[in-house]
Structure formats: structure tokens, C-alpha cells
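Novice: can't give you the sequence, but here's the structure:
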């Protein structure tokens, strides 16, 4: 039997996911990587901050803010990127060409997705 989520009482306040903010050492490097990966457009760019946005406005803005410390452990939140069936290996090759790398975070060998890391080591999945 499938479980159902508990009912949520609605009030006058509603929320919409507007931005993801990613702490990083090099905001411009990550903005270039994710811009090339997702086809977003740069909307803000300076030494300590960069942001890219979905050109058709349907997706959230992704912001990159400079911090002093390096990433130390596995992300608690990550992106899942969908690709058409049969294109997983081509998608992985494209991402590697942009600066990503495959990583193992404990996933099974027979999983149907790939776990990748962006140039600063932030994990994300590619799912066919």
C-alpha cells in the first residue's frame, strides 16, 4: 500500500523556489560550468558573486558566492539532471569536457544514473 503525505494546511503565505545559492571558492568558474551545462544566461558577475538564470524564466536562478573554506564532505542537497534515454554516456562525456568528473558516493554499481562532481567537487546526478 502506498503511503500518502500528510495534508498541509494552506494559509495566505505561499513560497516559490527562486534561487539556489552555492558557496564556492571561484564563483566565475562554477557559473561558467553550470551556464554551459544548463544553457542558462549570466545575470550577475563580480569577483565575489556570480549568478545565472534560465533564459525562459521557468527554472530558478543559481547563484555562486565566494567563501574562504573548501568543500569538506558530501553535499546534503544536489541537482538531478535529466537526459533523454540512451544519451547518458554522451551526457557524461560532455560534462567531463566542461570540467566535471565521475565520483563514487556509495552508489551501487548497477544504478541507472551517474554521480558527477562539478569543478569544485559539488555532487550532482545525471539521470536518463
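Specialist: Yep, it's here. Please read these numbers as outputs of a predicted model, since none were measured by experiment.

Novice: Show me what secondary structure element comes after whichever strand or helix holds residue 97.
Specialist: In this structure, residue 97 sits in helix 88-98 according to DSSP states H and E. Using DSSP H and E, the helix or strand that follows helix 88-98 towards the C-terminus is strand 101-102.

Novice: Regarding residue 29, what is its secondary structure?
Specialist: helix (DSSP: H, G, I helix; E, B strand; the rest coil).

Novice: State the pLDDT value of the residue lying closest to it once chain neighbours are set aside.
Specialist: In space, and not counting its chain neighbours, residue 29 is closest to residue 119: 5.6 Å by Cβ to Cβ, 6 or more residues apart in numbering. In short, each C-beta sits where N, CA and C put it, glycine included. Predicted confidence (pLDDT) for residue 119: 96.

Novice: And this structure, split by domain according to the record?
Specialist: 17-70, 77-128 (automatic domain parsing).

Novice: first vs last residue of the last one, how far apart are they?
Specialist: So that's domain 77-128. One end of domain 77-128 to the other measures 20 Å (Cα to Cα, to the nearest Å).

Novice: same deal with the first one?
Specialist: Start-to-end span of domain 17-70 (Cα to Cα) is 26 Å.

Novice: same question, stretch 67-78
Specialist: Start-to-end, stretch 67-78 (Cα to Cα) is 19 Å.

Novice: what comes up buried for that stretch?
Specialist: residue 71 (16 or more other Cβ atoms under 10 Å).

Novice: Chain neighbours aside, what residue packs nearest to the residue positioned nearest the centre of the chain?
Specialist: In the chain, the C-alpha nearest the mean C-alpha coordinate belongs to residue 79, at 3.7 Å (Cα atoms, centre = their mean). Excluding the flanking residues, the one nearest residue 79 by Cβ to Cβ, 6+ apart is residue 124, at 4.2 Å.

Novice: contact partners of the host helix or strand of the one you found?
Specialist: Per DSSP H and E: residue 124 is located in strand 123-127. Strand 123-127 is contacted by residues 74-75, 78-83, 88, 91-92, 95, 103, 105, 112-118 when judged by Cβ atoms under 8 Å, 6 or more residues apart in numbering.

Novice: Distance of residue 62 relative to residue 96?
Specialist: As for residue 62, its distance to residue 96 is 20 Å (criterion: Cβ to Cβ, to the nearest Å).
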